[in-house]
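J.: build me a structure from this.
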Amino acid sequence: MFGGTAISPLLGAALLKLDGKCGLFGWQWIFLVEGLFSIVVSIFLFCFLPEHKDVPVMSNQVNISHFEGIRPMKEPLAQGHLPLRSLWNTLTDIRKWPHFIATGCVFATWSPLTTYTPSIFMELGFARSKANAFSAIGSLLTLPVILLFAWISDKLNKRGLTVMVAIFVYLIALVILRTMMHRVDKWGKLGLWTTVNALAVGYHPIHNSWIQINCQSPEERNISVA
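T.: Below you'll find the model as predicted:
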């Protein structure tokens, strides 16, 4: 997902250079090429991705005791629908509320920042194609960041602590951005925005996996991830 987020601005920067070709604006080329790509991939997945299989039984030879707080999968997969009872039980499970609240708080800032980063960079004075290309830097830096926190999580075997540290690091980056934004030139601002984008979701893969392995059924897992 984050690799795609990194590649998308680079692709957009390249497509913007087609501005005027075949009577289309650059933004129209972006919608056309990326839209067609999405349609092709969706058709491919629809045709070849299997619906679902029986829940796999974990081998008795695999020792999972070192994973923090894993609860075994107990219920079979529902056929074709998610029962309302599963939805209610998942949303009223207070043990999941910290997961939901943390995700909401982070994505409330990260999602708009990522969406409008090219526009923000253009307001700093960079050309449209350069603004799109610069937007990819933060997303590319996200990849080693999430791998670092994943490694720390496995090394310490402390999922919750690692998630909290990763979110706190992002919070520090936001505070620095807020206090320094009007004290630096455009390159400094670009660096601050890039740092924020790079650190925003370091927690997310660990957090996402952590909540999934603590679900007792496929329905609970699907609702929790959603």
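
J.: so His204 makes contact with Ile146?
T.: Yes - taking contacts as C-beta atoms under 8 Å, His204 lies within contact range of Ile146: 7.0 Å. Yep, even glycine has a C-beta here, placed from its N, CA and C like the rest.

J.: neighbour-wise, which of these two wins?
T.: Set His204 next to Ile146 and count neighbours by other C-beta atoms under 10 Å: His204 wins out with 22 against 19.

J.: tell me the contacts of the more buried one?
T.: 103, 106, 146 (C-beta atoms under 8 Å, 6 or more residues apart in numbering).

J.: nearest to Asn214, of these?
T.: Using C-beta to C-beta, Thr103 comes nearest to Asn214 of the contacts of His204, at 14.8 Å.

J.: got the buried residues for the helix or strand containing Ala131?
T.: Using DSSP states H and E, Ala131 sits in helix 128-156. When burial is assessed from 16 or more other C-beta atoms under 10 Å, helix 128-156 yields the following buried residues: 128-129, 131-140, 142, 145-146, 149-150, 152-153.

J.: average pLDDT for that helix?
T.: Helix 128-156 shows a mean pLDDT of 90.

J.: which element follows that helix toward the C-terminus?
T.: From helix 128-156, the next helix or strand downstream (DSSP H and E) is helix 159-180.

J.: CA atoms only for that following helix, dumped as CSV, please.
T.: Extracted as CSV, the C-alpha positions of helix 159-180 are listed here (Å, rounded to 0.1, in the frame of the first residue of the first chain):
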residue,chain,number,x,y,z
ARG,A,159,3.4,-4.7,20.1
GLY,A,160,1.5,-2.1,22.1
LEU,A,161,4.7,-0.3,23.3
THR,A,162,6.1,-0.2,19.7
VAL,A,163,2.8,1.1,18.4
MET,A,164,2.7,3.9,21.1
VAL,A,165,6.3,4.8,20.4
ALA,A,166,5.7,5.0,16.6
ILE,A,167,2.7,7.3,17.1
PHE,A,168,4.6,9.5,19.6
VAL,A,169,7.4,9.9,17.1
TYR,A,170,4.8,11.1,14.6
LEU,A,171,3.3,13.5,17.1
ILE,A,172,6.7,15.0,17.7
ALA,A,173,7.1,15.6,14.0
LEU,A,174,3.7,17.3,13.9
VAL,A,175,4.7,19.6,16.8
ILE,A,176,8.0,20.5,15.2
LEU,A,177,6.2,21.2,11.9
ARG,A,178,3.7,23.4,13.6
THR,A,179,6.3,25.5,15.5
MET,A,180,8.9,25.7,12.8
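
J.: point out the other helices and strands that that helix packs with.
T.: helix 97-123, helix 128-156, helix 186-199, helix 204-213 (3 or more C-beta pairs under 8 Å, 6 or more residues apart in numbering; DSSP states H and E).

J.: could you point out which of these sits nearest Ala13?
T.: Nearest of the helices and strands packed on helix 159-180 (C-beta to C-beta): helix 128-156, 3.8 Å.

J.: angle of that closest one against helix 204-213?
T.: 50 degrees (axes from the mean of the first three to the mean of the last three C-alpha atoms, to 10 degrees).
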